[in-house]
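J.: the following comprises the amino acid sequence and a computationally predicted model.
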Amino acid sequence: MTKTKKPWAGRFTKATAKSVEAFTCSLSYDSRLYRYDIKGSMAHAAMLAEQGIISRRDERAILGGLKSILADMDKGKVFFDSSDEDIHMAIEKELIRRVGEAGGKLHTARSRNDQIALDVRLYLLDEIDKIAAEIRALIRQLVRTAKEELATIMPGYTHLQKAQPVLLSHYLLAFVEMFLRDAERFADCRKRTAVMPLGAAALAGTGLPIDREKTAGLLGFSSVTQNSMDTVADRDYIAEFIFDAALCAAHLSRFCEDLVLWSSDEFGYAVISDAYTTGSSIMPQKKNPDIAELIRGKTGRIYGDLVAVLTLLKGLPMTYNRDLQEDKEPLFDAADTLRTSLAVFTEMLANTSFNAERMRAAARGGFSTATDLAEYLVEKGVPFRRAHEVVGRIVAYCIGKNKTLEELTPREFKTFAGQFDPDVVMRIRLEQCVDARKATGGTATKTVRERIRKIEKTLDRF
Ligand code: ARG
């Protein structure tokens, strides 16, 4: 490891203090950007040569050097230390060591301020694609399970009180809707991330005759940023990405919360495979839904990442400030955490079975068909408010007699309202209640099946 002069040594009379090097160094986390950094440098060098700013000979030397550095780094070779400050300086120093003078021309018409913006944008584009693939896999799993559970009726809840019977498939598809929106949000964030920042240089652009569109083309971008000051100050795409990640994590976390409840003895709705649970070090009987709990916990971390980045931005004077170096750890953390949470959740879901009998028994209790009973009366011409009151009295009667609605005879119903006919008994059967909700967005088997078909078509286009 050669300790070289700093690029700014010309103006300085003293070497950087060791403590300062350690404190300012970002290599421990930004070294993961090396592929993007090298890719960006290659395009930049090619553009410089094309524009006649550097010679073709220098370009060849630079590209050759960068290629060999890339190959070595891919093999895990490390040739830098904390005196290098960041990944940009580390690679540039190594390039100069390998190819000499020509290496010193790479940073022409460029600053680390536009360079880091490019590296992070390139990284984020890849990351968004990986996360989108995980979301797709999760949606596919949810749809698969929804198709298998089309006959499973569960109690739907509000206020965690039994509310109305729904299909388990309907519940699962609720999450599909959330994850479809997440996928859309990430795709939208991708558009604003896919804008090429190089050429803004430190903040004001450069007087050298660069061609930014050319660099963009070489890197696969279709547009370039439009204001050099904004370019080096902008971290919107990072904040936006972490927000999208936070909301996606919130969706996962809500499902996890239900799974934690459902896998308890009290609910008994779901059994997570042993392979996706953990035991207790003291209580031999325990089987804990730790994955679900950890995802719920990690969601809080992602929220923290979002707040960290937003707070970082709020008081910064224009344009680049070193504070911005602090954007990377929360960004990487949010991306890594969400990606791994999505993957493990999908696996866990594929290895979870649902107890249809328990769910059905639970759906029968709690007077969950009371609304359907009121709708029955509405169909017979009773105003809804009055129907609501009549059914309320029936529920109170049942509570007094320790009966369920299903146990009442047609004759008993009749004593509450003349509009009750013997067919009422059929009308409040669970299947009947569920299948009556046929309007778009409802839980009727037919409607749910229809929605599954539409989602499957969307997935084909994904
Ligand atoms: N490591 C820096 C960052 O992450 C790169 C840009 C540094 N620019 C500077 N002028 N110190 O933001």
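T.: Good, I have the coordinates.
J.: in three-state terms, label Gly199 for me.
T.: coil (DSSP: H, G, I helix; E, B strand; the rest coil).
J.: how many other residues sit next to it?
T.: The tally of other residues near Gly199 (other C-beta atoms under 10 Å) stands at 25. To be clear about C-beta, it is placed using only N, CA and C from the backbone, and glycine gets the same treatment.
J.: excluding chain neighbours, what is closest to the closest residue to the ligand within the stretch 151-300 of the chain?
T.: The nearest approach of the stretch 151-300 of the chain to the ligand comes at Ala202, 7.3 Å away (C-beta to the nearest ligand atom). What sits nearest to Ala202 in space, not counting adjacent residues and going by C-beta to C-beta, 6 or more residues apart in numbering, is Ser111, at 4.0 Å.
J.: what residues are up against the one you found?
T.: Residues counted as contacts of Ser111 (C-beta atoms under 8 Å, 6 or more residues apart in numbering) are 200-203, 232.
J.: among the residues you listed, name the buried ones.
T.: By neighbour count, with 16 or more other C-beta atoms under 10 Å, those hold 200-201, 203, 232 as buried.
J.: between those, which is closest to Gln419?
T.: Val232 (72.7 Å; C-beta to C-beta).
J.: for this protein, which segments are assigned as strands?
T.: Under the criterion DSSP state E, strands of the chain are mapped to 153-158, 161-167, 270-272, 352-354.
J.: show me which residues of stretch 247-255 are buried.
T.: Going by 16+ other C-beta under 10 Å, stretch 247-255 has these buried residues: 247-249, 251-253, 255.
J.: check contacts around the residue of the stretch 151-300 of the chain closest to the ligand.
T.: With C-beta under 8 Å, 6+ apart, Ala202 has these contacts: 111, 113-114, 232, 320.
J.: residue in the stretch 351-462 of the chain nearest to the ligand?
T.: Using C-beta to the nearest ligand atom, the single residue of the stretch 351-462 of the chain nearest to the ligand is Phe462, 33.5 Å away.
J.: got the contact list for stretch 168-184?
T.: Counting by C-beta under 8 Å, 6+ apart, 132, 135-136, 138-139, 142-143, 145-147, 149-150, 152-154, 156, 244, 247-248, 251, 255, 354, 356, 359, 443, 448, 451-452, 455, 458, 462 sit against stretch 168-184.
J.: any of those buried? List them.
T.: For these, buried by 16+ other C-beta under 10 Å: 132, 135-136, 138-139, 142-143, 145-146, 149, 152-154, 156, 244, 247-248, 251, 255, 354, 359, 443, 448, 451-452, 455.
J.: from those residues, which ones fall inside helices?
T.: 132, 135-136, 138-139, 142-143, 145-146, 244, 247-248, 251, 255, 359, 448, 451-452, 455 (DSSP state H).
J.: count the residues that sit near the residue lying closest to Arg322 once chain neighbours are set aside.
T.: Counting by C-beta to C-beta, 6+ apart, Arg322 lies nearest to Thr24, which is 7.7 Å off, once chain neighbours are set aside. Thr24: 13 surrounding residues under other C-beta under 10 Å.
J.: just checking, Thr24 touches Glu85?
T.: Yes. Counting by C-beta atoms under 8 Å, Thr24 touches Glu85, with 6.1 Å between them.
J.: and the residue of the stretch 301-450 of the chain found nearest the ligand, how far is that from Asp81?
T.: Closest residue of the stretch 301-450 of the chain to the ligand, C-beta to the nearest ligand atom: Gln325 (3.5 Å). Per C-beta to C-beta, to the nearest Å, Gln325 is found 18 Å from Asp81.
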